[in-house]
Structures are given as C-alpha cells and as structure tokens.
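J.: when you get a sec, could you give me coordinates for this:
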Amino acid sequence: MNFPVNPEKVLRLFSPLWALLALSLWLHWESWQAMPILLTAIASLPLVAALAAGFMRERWRLELTSGALIHHTLGRTESFAWSRMGPLDTKPAPLPSLLFIRTLWFAYPLDAPRDAEERATKLLGRRILCVFGDHSAREIVEQIEAWRALNARV
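T.: Residues are numbered from 1 along each chain as shown. Predicted coordinates:
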C-alpha cells in the first residue's frame, strides 16, 4: 500500500509564509514596490513547492510492506521495521503552535539502538511530516494501523 505526497498538503505548509508576506506587504508596500522580482520569487515559492510535489508523487511517499513502513524521501529511503516500531500517532510539529503542521510520530526503536541515529530517536521518537495521502492525518494513521494489524509480520 502506498501513500504518495499530496501537493495540497505541501501547499498548506507555506500558509504562514503567505500570512507574513501579506503583513509585510501591508506595512512596507513602498519597499516591496522597489523589488518586484524579489516579491514575485518569495510569493511563488509555495506554488513551486506544490508543483514540484505533484511531479514527485511517486518518488516521495510512504510505502507499507509486510515487514516495514518505508519512507521514500527525495534524498534517501528510510525503512522502519514493524517489529521495532511503536504505534503511530499524530502530533504537532515541534514548531510554534500557530503553524498547524502535523507529523506522524512513533517510538523507534523499541529494542536496543544499533547506531547513533537510533540512539537519538530512542529518546525522542521518530517524526515524519504528514503530507501524504488524501485524508486527514488521523485517518492516515488509522489506515496504516489497520493495514499493519492485518498484514504486518511482527
């Protein structure tokens, strides 16, 4: 089962940028008029990110296999074995609460850490940005946990 990146969710990540840009335009309109190229570049960043996410739907995704949750990113592939992974939950990103960014959070690893990265995530848990699938973060978690209960070899 796959959950490809959702360009609409990627676009929503940039909503604070547009709110700050609107405030800045209101307060400093004359300065922005002097730099129209910079204004265009900054205002178009969210659209470019969403467009790029649309083109990379098959590359950036969550994949569920019988042995692991696999997070395909643009730079690498991370595999989290079901047997070493705690239950999934949604939590706000560790950012200011006004930024409504949700993450998938789970304890990993449940057993002894094997390397430095696992030692760090043993204390903090593991977070994956929740920009996948066409449903809410809570529904994605429910679908993954239901799939895990039926198909995972633990």
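J.: what lies in contact with stretch 81-91?
T.: Contact partners of stretch 81-91, identified using C-beta atoms under 8 Å, 6 or more residues apart in numbering, comprise 67-69, 102-111, 125-127, 130, 137-138, 141, 144-145, 148, 152-154. C-beta here means a position set from N, CA and C on the backbone, and glycine is covered the same way.
J.: narrow those to those in helices?
T.: Ala137, Arg138, Val141, Ile144, Glu145, Arg148 (DSSP state H).
J.: and those, which are buried?
T.: Among the ones in helices among the contacts of stretch 81-91, those buried by neighbour count (16 or more other C-beta atoms under 10 Å) are Ala137, Val141, Ile144, Arg148.
J.: what helices and strands are in contact with the worst-scoring helix or strand of the chain on mean pLDDT?
T.: One helix or strand of the chain scores below all others by mean pLDDT, DSSP states H and E: helix 116-124, with a mean of 80. Contact partners of helix 116-124 among helices and strands, from 3 or more C-beta pairs under 8 Å, 6 or more residues apart in numbering; DSSP states H and E: none.
J.: end-to-end on stretch 59-79?
T.: Across stretch 59-79, the terminal residues are separated by 15 Å (C-alpha to C-alpha, to the nearest Å).
J.: so which bits of that stretch are buried?
T.: Within stretch 59-79, the residues scored as buried using 16+ other C-beta under 10 Å are Trp60, Arg61, Leu62, Leu64, Ala68, Leu69, His71, His72.
J.: find the pair from the residues you listed with maximum spatial separation.
T.: Trp60 and Ala68 (17.3 Å; C-beta to C-beta).
J.: in CSV, list the buried residues of stretch 59-79 along with pLDDT, secondary structure and distance to Gln33.
T.: Formatted as CSV, the buried residues of stretch 59-79 follow (pLDDT from 0 to 100; DSSP: H, G, I helix; E, B strand; the rest coil; distance: C-beta to C-beta, whole Å):
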residue, pLDDT, secondary structure, distance to Gln33
Trp60, 89, coil, 37
Arg61, 93, strand, 42
Leu62, 94, strand, 44
Leu64, 94, strand, 50
Ala68, 93, strand, 53
Leu69, 94, strand, 49
His71, 95, strand, 43
His72, 94, strand, 43
